[in-house]
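[1] Here is the input, now give the coordinates:
(3 chains)
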Amino acid sequence: MFEWIRFIAGALVLILGLATFALEVFGSYRFDFVLNRMHAAAMGDTLGIGISLVGLMLFSGWNFTSLKMFLIILFLWFASPVASHLIARLEVTTDEDLEQYCERKE
Amino acid sequence: MRNPMLQNACHTLLVAALIFLAVMTLFCFLRAVKGPRVADRIVAVNMIGTMVMVIIAILAILLGEGYLVDICLIYAMISFLSVVVLTKVYMGVYREKQEEAKKEAKKDDV
Amino acid sequence: MKRKDNAFYRWLFGEKDTLQGRVEMRPQAEYETKETDLEEILKDHQQVQEKVFDLKDNKALRFFDRMYRIAGVLFCLALMLILLVNVSWLPPRGAASNPVNNEVSARYIENGLQETGAVNIVTGMILDYRAFDTFGESNVLFIATVTVLILMRLDREKKAPAKKGVPVYQKPEDEMTVAQAQAHDRIYEPKNDVILQVAAGFLVPVIIIFGIYVILNGHLSPGGGFSGGAIIGAGLILYLNAFGFEKTERFFTEKTYKWVSFGALTFYCLAKSYSFYTGANHLESGIGLGTPGAILSSGLILPLNICVGLVVACTMYAFYALFRKGGF
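    Have a look, this model is predicted:
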């Protein structure tokens, strides 16, 4: 009985994570501008992988694999904002007609 | 998980998740090909990296091989490093081109 | 003393060129084809086409020309077919009756643990049974770096046109000093990104510690010198990207690279030669295998793993620095 509950909980969380990924891809097609698309893409990097890996941790149980998965979540929560910052900086420095899309403060 | 029915359900769910993620990766790849700007492509490649990480983690559970998660961790590092290096190199190339264009304009004025 | 005034001695020590002043020396003029010559050549070509081969009325030649193309296509298709048929004849993947499942792999699987002491059979294979193969691979990395260094030097020479009387190997005048290069670097690339620097300060030690873990556990779990070295190299590249060459040059220069690579490769060669020598002559090597599963076990595999890891990490970083700046 306990196994079934664990499976259902894990499956629900995993499906929630996969839905986040679907939203991410949908968002990257829905928006018109790179800096808007990045909002959707960064959501998958942190929230999507976080929820999916929590689901997989429920599957695998209390062991070393789960610890490594937790490390991956921690790493991505740390690294993904930095990557997003760098991409945004790249876009701001290289786009010549940025004023069409957003205000720019010097 | 000794219950055969439970094992079956688990297997089916994980394989379905794998197929779903593969389709999503294909869409991300399309975005990378289509993306009008360089930043678009880098974002799309980053998205592909995240999905591949989840795929590897699911495979680790499906095959029961815990060490596959190590590869996932390394993949996260390399994907982050690739974003850092790509943005730096592309920004350097762009500014260098701008500088050269300015120099040429000055030469033309003289 | 008097003999040194001799023309022969002066020539011998490079003070005098005996040919100078006696022979008229002029650099060879560049070869140019005149336009009239060109026209003549074209005319000749046309005449050959018309009169000798008679292209308009020569049916055999035209037939050959057409058949040649068809035969080319057919040849390619046949080659593809042959290769595909051959691939279909290959034995199925993973079948027990495959020719790869012979006594060699059976021996590796059955006796690997007792003979090498490594729990990870792959490491036992590449660093014990086939250690000289791995030695060659590590040397290839070193040779590749040296080749890139040579190519970079040639490129720099080409950029600066050699003036008259100046030997080619002299440093060109427009070569930048280190400080200038750093300033130049900072113009084009944002060096002082505070967010990236803080993140790198947290991440780089973790990445390098993870790489060291992978190297040291090479004989116990998947991984080993090559993968661990690649992880450490990635950490160094991240550090370089965040803080610039100014900081990395404090601990990693060309000299460091030279000595680390040289030391690791030499130690590898000597250690493995010793173990092969004692093994071939049935001598006692004095290196115990220890208990399988412990961190200090399986004889020479752990130090060899460290050597390979050092070489790979240095090569990764050196390649990035070489292509990025043209030096360390």
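[2] use CA for all of it now, contacts and neighbours both
    Noted.
[3] in chain B, which spans are helices?
    Along chain B, counting by DSSP state H, helices occupy B:4-34, B:38-63, B:68-109.
[4] closest to chain C out of those helices?
    For chain C, the closest of the helices of chain B is helix B:68-109, at 4.7 Å, according to CA to the nearest CA.
[5] Can you name the residues of chain C that neighbour chain A?
    Chain C comes close to chain A at residues C:195-196, C:199, as judged by CA under 8 Å from any CA of the partner chain.
[6] Can you say which helix or strand has residue C:203 in it?
    helix C:194-216 (DSSP states H and E).
[7] Then residue C:93?
    Under DSSP H and E, no helix or strand contains residue C:93.
[8] Tell me the backbone dihedrals of it, please.
    Backbone torsions of residue C:93, given as degrees, to the nearest 10, read phi -70, psi 130.
[9] and it, how many neighbours?
    Using other CA atoms under 10 Å in any protein chain shown, residue C:93 is surrounded by 7 other residues.
[10] any weak-confidence spans in the chain?
    Answering for chain A, as no chain was given. Scanning chain A with the threshold set as pLDDT under 70 gives A:104-106.
[11] try again with chain C
    Scanning chain C for pLDDT under 70 picks out C:1-4, C:18, C:155-191, C:326-328.
[12] Show me how it divides into domains.
    Chain C resolves into domains spanning C:40-85, C:120-164+C:176-282+C:292-325 when parsed by automatic domain parsing.
[13] who's sitting farthest from the centroid in chain C?
    Computed with CA atoms, centre = their mean, the maximum C-alpha offset from the centroid of chain C is found at residue C:57, amounting to 56.4 Å.
[14] Can you pull the phi/psi pair for it?
    The phi/psi pair for residue C:57 (degrees, to the nearest 10) reads phi -110, psi 0.
[15] in which helix or strand would I find residue C:277?
    Using DSSP H and E, the element containing residue C:277 is helix C:254-280.
[16] by contact count, what packs against that helix?
    helix C:131-159, helix C:301-325 (3 or more CA pairs under 8 Å, 6 or more residues apart in numbering or on different chains; DSSP states H and E).
[17] Report the angle between that helix and helix C:301-325.
    Put simply, helix C:254-280 runs at 150 degrees to helix C:301-325, going by axes from the mean of the first three to the mean of the last three CA atoms, to 10 degrees.
[18] Show me which residues of helix C:254-280 are buried.
    C:257, C:261, C:264-265, C:268-269, C:272, C:275-276 (16 or more other CA atoms under 10 Å in any protein chain shown).
[19] Grab the nearest non-local neighbour of residue C:305.
    Nearest non-adjacent residue to residue C:305, counting by CA to CA, 6 or more residues apart in numbering or on different chains: residue C:225, 4.7 Å away.
[20] how much space is there between the one you found and residue A:7?
    Distance, residue C:225 to residue A:7, using CA to CA, to the nearest Å: 39 Å.
[21] can you check residue A:54 too?
    Distance, residue A:54 to residue A:7, using CA to CA: 12 Å.
[22] ok, these two, which is more surrounded?
    Comparing residue A:54 with residue A:7 by other CA under 10 Å, the one with more neighbours is residue A:7, at 22 against 19.
[23] wait, doesn't the more buried one sit right on residue A:57?
    No. With contacts counted by CA atoms under 8 Å, residue A:7 stays clear of residue A:57, the gap being 10.9 Å.
[24] other SSEs contacting the helix or strand of chain B with the lowest mean pLDDT?
    Ranking every helix and strand in chain B by mean pLDDT, DSSP states H and E puts helix B:68-109 at the bottom, with a mean of 86. Where contact means 3+ CA pairs under 8 Å, 6+ apart, helix B:68-109 is packed against helix A:64-94, helix B:38-63, helix C:178-188, helix C:225-243.
[25] Now find how far off-centre that helix is within its chain.
    Centroid separation for helix B:68-109 versus its chain: 17 Å, with CA atoms, centre = their mean, to the nearest Å.
[26] could you check the angle helix A:64-94 makes with it?
    Interaxial angle of helix B:68-109 relative to helix A:64-94 (the same axes, to 10 degrees): 10 degrees.
[27] Share the number of residues neighbouring residue C:147, please.
    Counted with other CA under 10 Å, residue C:147 comes out at 12.
[28] roughly how far apart are the residue nearest to residue B:85 when sequence neighbours are not counted and residue A:81?
    Excluding the flanking residues, the one nearest residue B:85 by CA to CA, 6+ apart is residue C:241, at 7.1 Å. To residue A:81, residue C:241 is 17 Å away according to CA to CA.
[29] Over to residue C:23?
    From residue C:23 over to residue A:81 (counting by CA to CA), the distance is 74 Å.
[30] do the same with residue C:75
    From residue C:75 to residue A:81 the distance is 55 Å (CA to CA).
[31] So which of residue C:241 and residue A:81 has more stuff around it?
    Between residue C:241 and residue A:81, counted using other CA under 10 Å, residue C:241 has the larger neighbour count: 24 against 17.
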